[in-house]
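Peer 1: coords please:
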Amino acid sequence: MNDLELGTVQARFADLVWAHAPLPSGELVKLCERELNWKKPTTYTVLRKLCEKGIFENIGGTVIVKMSREDFYAAQSRQYVRETFHGSLPAFIAAFLSGRKLSEKEAAEIRGMIDSFREERTQEPGS
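Peer 2: Here you go, the predicted model:
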């Protein structure tokens with residue numbers, strides 16, 4: 001998978017595609033002209049770049065989503081933690097919360113999330 005960073009322009013474009021896909025590429029050009037004031041070449045250039053990132057695909061003139069918005073931002077977050085904190089989620093959380101106190105409600109929500117994502121440990125025979 002290619003770099004998952006999107007600039008402001010690419011993010012606005014991606015939001016349009018996620019909201020309207022699947023759609024014919026001609027309709028995408030019209031949508032971008034109306035919403036972003038773009039010309040056809042700009043639309044196709046940005047589309048090509050996001051297809052190269054594996055987010056969208058243009059199949060026979062129809063633009064489809066290969067990676068949902070939620071999956072994209074989850075992958076982007078994992079990439080950020082991997083690159084910035086050497087993959088350490090605790091280091092990321094410590095930096096994120098630095099100088100900030102959690103409310104009891106926030107702490108309980110985070111505990112619940114951790115519990116729901118915790119790996120199940122199989123009990124060994126005889127334990």
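
Peer 1: what's downstream of the longest helix seen in the chain, the next helix or strand?
Peer 2: Longest helix in the chain, counting residues (DSSP state H): helix 69-84. Following helix 69-84 in sequence order, the next helix or strand is helix 89-97 (DSSP states H and E).

Peer 1: Buried ones in that following helix, by neighbour count?
Peer 2: Buried residues in helix 89-97, counted by 16 or more other C-beta atoms under 10 Å: Phe92. C-beta: built from backbone N, CA, C; applies to glycine.

Peer 1: For the nearest residue to Ser88 once chain neighbours are set aside, grab the count of nearby residues.
Peer 2: With sequence-adjacent residues excluded and distances taken as C-beta to C-beta, 6 or more residues apart in numbering, Ser88 is closest to Val81, at 7.3 Å. Number of residues near Val81 (other C-beta atoms under 10 Å) recorded here: 16.

Peer 1: Quickly note the distance from Val81 to Ala75.
Peer 2: Applying C-beta to C-beta, to the nearest Å, the value for Val81 to Ala75 is 11 Å.
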